[in-house]
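Peer 1: Here is the input, now give the coordinates:
(one chain, ligands or ions: 1)
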Amino acid sequence: MEPLRTDEVATRLVSRSVRLSLPPVTASLAAVGRPRTLWTAPDEPTVVGGGAAVTVEADGADRLTQVRESASALLDGADVDGPAAARPRFFGGLAFHEEATGRDPWADFPAARFVVPEVQLVFDDDAAWLTVNAVGSDPETVEDTLAAVRTTLADLDDSPPESPPGVSKRHRTTSVDAWRESVDAAVSRIRAGELRKVVLAQALEVELDRPASVPDLLARLGETYPECHRFLVEPAMGASFLGATPERLVSLRGREVETGALAGTTGRGDTDDEDEWLANELLASEKDNHEHELVAETIREQLDSLSAEIRVGERGIRKLATVQHLWTPIDATLERDEHVLSLVDALHPTPAVGGLPPEAALDVIRDTEPFDRGWYAAPVGWFDADGDGSFAVAIRSATVEDTMATLFAGVGLVADSDPDAEWDEVQLKYRPILDELERDD
Ligand SMILES: C=C(O[C@H]1C=CC=C(C(=O)O)[C@@H]1O)C(=O)O
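Peer 2: Next up, the predicted model:
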């Protein structure tokens, strides 16, 4: 191999990997440097990341193209020695709107941000791949770092997650009266034919009794919501955005696409019979089926121009610990090679978090919501050098900073939505995160 020129050493990504006997996930997340990354998804290995070997940020309408171009320039020339499972990947996400406002709690969150973690751990059933990624280092230095990190991670204890910090104060961004007014106004515009659906959200700021341990919070979420995508992104020291979302936006492997429609919600019953009754009521609800159909139909339309074949599965019920949703699996085979970021661009925001038509819905959201959505309800996930990747929709989520957390939750509104029922649904959707912050006693 030709020796590298000095300027190539300065900009080239070097990636080296080694196999480790299984370190505990939560302790690894607590041990790695910041910014930390966590990604868990059904049918995918869990990934823990620490530090940032490379950071790519962008904003504006073409933010995903900018990210893709910067990332490709780096990944295409990378010096990677390791198996496919341990390959360097970009992890991160976007703000819901194209531009970041910089309003709290999103001051440190740009409109798009992805990092290649400096330390990347990919867990499978019986072991993990540890990878060290670096730019501006020669391979020997990277190998030395790998050996040092390996020693640090070798003796981590697998202790149970610590208990919730406790909540001392709460502040809603939206009062019941303001909510009724907003929902009535949105429903009137829908009935007048200005739009067909809009998703309105609320935020809940909570003060904690002590700083929350982010790794422990994510571990407890994993115990209660094992079937959800869990994520953690940290654009700055102390600023964390995390969640356990049931909503996959899209995953792409080669030309195979997996996505789905998730919209329409009810609670869980106290008994099996009540739970079944609620599920049947949801399956039969004209309002929820309409709300759901708009999502499924839009996703199908968005994929149509890109796909050789689309397969829409049967509508069913997706049960989670606190809610049940209407769910339709949608898969596709693409006509030609595409980057997963192009699919993210085409699909976000789906009418499960935005509305229909999208522009009219975004106007209503901007005019109505008294807080900044930031990264709530936006795509979070990863992509690799081949353009494969996996993204979830960042709902059932919160920002956490020291003793403050801000939770977000929204509901789809259609012509026959009732403000009080929608209010109750928002409170139910705070539960996944709130339950892990509140103490039982
Ligand atoms: C916008 C959220 O949920 C979406 C996903 C599933 C069901 C939804 C609903 O029934 O309204 C929402 O569209 C949220 O949890 O913040």
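Peer 1: And for residue 60, nearest residue in space, chain neighbours not counted?
Peer 2: Residue nearest to residue 60 in three dimensions, not counting chain neighbours: residue 98, with 6.0 Å by CB to CB, 6 or more residues apart in numbering. All C-beta spots, glycine's among them, are computed from the backbone N, C-alpha and C.
Peer 1: and the stretch 101-250 of the chain, which residues reach the ligand?
Peer 2: Applying CB under 6 Å from any ligand atom, one finds that the stretch 101-250 of the chain approaches the ligand through 199, 201, 247.
Peer 1: Give me the buried subset of those residues.
Peer 2: Neighbour-count burial (16 or more other CB atoms under 10 Å) is assigned, among those, to 199, 201, 247.
Peer 1: Give the bridge partners for the first one, please.
Peer 2: Read it as residue 199. Legend: beta-bridge partners of residue 199 under DSSP bridges are residue 412.
Peer 1: Can you name the residues that contact it?
Peer 2: With contacts taken as CB atoms under 8 Å, 6 or more residues apart in numbering, residue 199 has the following neighbours: 351, 352, 353, 354, 355, 361, 365, 377, 410, 411, 412, 413.
Peer 1: of these, list those near the ligand.
Peer 2: Within those, those near the ligand by CB under 6 Å from any ligand atom are 352, 353, 377, 410, 411, 412.
Peer 1: Just the pLDDT for residue 440.
Peer 2: Confidence per residue is given as pLDDT, and for residue 440 that number is 78.
Peer 1: ok, it - how many residues close by?
Peer 2: Applying other CB atoms under 10 Å, we find 7 residues neighbouring residue 440.
Peer 1: in the stretch 1-150 of the chain, what spans have low per-residue confidence?
Peer 2: Scanning the stretch 1-150 of the chain for pLDDT under 70 picks out the ranges 1-10.
Peer 1: before we move on, the earlier item: just to check, the residue nearest to residue 60 is in contact with residue 58?
Peer 2: No: the criterion here is CB atoms under 8 Å, and residue 98 misses it with residue 58 at 10.1 Å.
Peer 1: anything in contact with each of the two?
Peer 2: Residues touching both residue 98 and residue 58 by CB under 8 Å, 6+ apart: residue 111.
Peer 1: who has more neighbours, those two?
Peer 2: The residue with more neighbours, out of residue 98 and residue 58, is residue 58; 19 against 15, by other CB under 10 Å.
Peer 1: Phi, psi for the more buried one please.
Peer 2: The phi and psi values for residue 58, taken as degrees, to the nearest 10, are phi -160, psi 160.
Peer 1: Report the contact partners of it.
Peer 2: For residue 58, the set of contacting residues under the criterion of CB under 8 Å, 6+ apart consists of 64, 66, 67, 70, 110, 111, 112.
Peer 1: Farthest pair within those?
Peer 2: Taking CB to CB as the measure, those reach their widest spread between 70 and 111, a distance of 14.1 Å.
Peer 1: Neighbour count for those two, which is higher?
Peer 2: residue 111 (22 against 17).
Peer 1: sorry, back to before: out of the residues of the stretch 101-250 of the chain next to the ligand, which is nearest to residue 319?
Peer 2: Nearest to residue 319 among those is residue 247, at 14.5 Å by CB to CB.
Peer 1: Show me what the closest residue to the closest one other than its chain neighbours is bridged to.
Peer 2: In space, residue 247 comes closest to residue 393 once its chain neighbours are excluded; the distance is 4.1 Å by CB to CB, 6+ apart. With DSSP bridges applied, the residues forming beta bridges to residue 393 are residue 379.
Peer 1: what's the spacing between residue 393 and residue 432?
Peer 2: 14 Å (CB to CB, to the nearest Å).
Peer 1: got it, and residue 86?
Peer 2: Here the criterion is CB to CB. By it, residue 86 lies 31 Å from residue 432.
Peer 1: With neighbour numbers in mind, choose between the two.
Peer 2: Set side by side, residue 86 and residue 432 show unequal neighbour counts under other CB under 10 Å, the larger going to residue 432 at 26 against 22.
Peer 1: Wait, that one touches residue 224, no?
Peer 2: Yes: in this structure, residue 432 is within contact of residue 224 by CB under 8 Å, at 7.1 Å.
Peer 1: list residues touching both of those two?
Peer 2: In terms of CB under 8 Å, 6+ apart, residue 432 and residue 224 are both contacted by the residues 244, 321.
Peer 1: Same list (the buried ones among the residues of the stretch 101-250 of the chain next to the ligand) but as JSON lines, adding pLDDT.
Peer 2: Conversion of those to JSON lines gives the following (pLDDT from 0 to 100):
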{"residue": "199", "pLDDT": "98"}
{"residue": "201", "pLDDT": "98"}
{"residue": "247", "pLDDT": "98"}
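Peer 1: just the residues of the stretch 101-250 of the chain next to the ligand now: which is nearest residue 372?
Peer 2: Each of those was scored against residue 372 by CB to CB, and residue 201 proved nearest at 10.7 Å.
Peer 1: and the stretch 301-441 of the chain, which of its residues are near the ligand?
Peer 2: Counting by CB under 6 Å from any ligand atom, the residues of the stretch 301-441 of the chain near the ligand are 325, 352, 353, 377, 395, 396, 409, 410, 411, 412, 429.
Peer 1: can you tell me the distance between the two ends of stretch 114-133?
Peer 2: Across stretch 114-133, the straight-line distance between its terminal residues is 14 Å, by CA to CA, to the nearest Å.
Peer 1: Please apply the same query to stretch 79-93.
Peer 2: For stretch 79-93, the first-to-last residue distance is 25 Å (CA to CA).
Peer 1: Number the residues from 21 up from this point.
Peer 2: Sure, I'll start numbering at 21, so the last one becomes stretch 99-113.
Peer 1: mind listing what residue 281 touches?
Peer 2: Residues in contact with residue 281, defined by CB under 8 Å, 6+ apart, are 312, 315, 316, 319, 346, 347, 348, 350, 370, 372.
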